[in-house]
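Novice: sequence and predicted model, in that order:
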Amino acid sequence: MASTFETIWDAVYADIVGLGLSGLVSDQIKQQQFAYNPASELFVEGIFLCPANELLPDAGSNQRMLTSYGVSVTLIKASNGVLGKGVLSPVLQWRETIRLRYHDRRPITVAGVHRFWCEPGGMVLPEAFEKQFDASAFVIRADTYEG
């Protein structure tokens, strides 16, 4: 039996693949531990859905049984080190489409999730730009009651 996190991760992946984001094919949307290959430190174009730490509220609150699972979304597009908004445009469009679908909504029914929301992240990641890519990241949170 899959864990709650894995069930949410798989459902978010399938939903994002189904969005038909412009300029991407389904095999460019990946589920993996990191948004790059740690052995070679290489980036490739696409959207990477990776595990993010869960959030747990304070034990004394009324929401002590809430667990907020996280799926990190990293969007990467080759830029060849060109400054300017032209190359960044697809990354920003993908980010906005996904964020609007998930922020404070429940676009999919999965694993007892009662609300999805988006945790802000880096709009532009300088480390990727140094390697000739434009990249952006944020976290999709899935709130569930457990316990």
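Specialist: Ah, there it is. Numbers count the residues shown, from 1 in each chain.

Novice: any idea where the helices of this protein begin and end?
Specialist: 4-17, 85-102, 126-129 (DSSP state H).

Novice: touching the last one from outside, list them.
Specialist: Read it as helix 126-129. Helix 126-129 is contacted from outside by F43, I76, S79, G81, D134, A135, using Cβ atoms under 8 Å, 6 or more residues apart in numbering. No exception for glycine: its C-beta is placed from N, CA and C like everyone else's.

Novice: how many residues are close by the residue nearest to the fourth one when sequence neighbours are not counted?
Specialist: Spelled out, it's G81. Counting by Cβ to Cβ, 6 or more residues apart in numbering, Q132 is the residue found nearest to G81 once chain neighbours are left out, at 5.2 Å. Q132: 12 surrounding residues under other Cβ atoms under 10 Å.

Novice: next one: F116
Specialist: 24.

Novice: who touches the closest residue to it other than its chain neighbours in this structure?
Specialist: Excluding the flanking residues, the one nearest F116 by Cβ to Cβ, 6+ apart is Y102, at 4.5 Å. Applying Cβ under 8 Å, 6+ apart to Y102 gives the contacts V12, F116, W117, C118, I140.

Novice: who are the contact partners of the residue nearest to G81?
Specialist: Contacts of Q132 (Cβ under 8 Å, 6+ apart): A78, S79, N80, G81.

Novice: what ranges do the strands span in the chain?
Specialist: Assigned by DSSP state E, the strands in the chain fall at 29-31, 46-55, 66-78, 113-119, 133-145.

Novice: make JSON lines from those and add distance to G23 to it.
Specialist: Shown next, in JSON lines, are those (distance: least, Cβ to Cβ, whole Å):
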{"stretch": "strand 29-31", "distance to G23": "12"}
{"stretch": "strand 46-55", "distance to G23": "10"}
{"stretch": "strand 66-78", "distance to G23": "8"}
{"stretch": "strand 113-119", "distance to G23": "21"}
{"stretch": "strand 133-145", "distance to G23": "13"}
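
Novice: what sits opposite I47 in the beta ladder?
Specialist: Beta bridges link I47 to I29, L75 when assigned by DSSP bridges.

Novice: since that was my last question, I'll sign off now.
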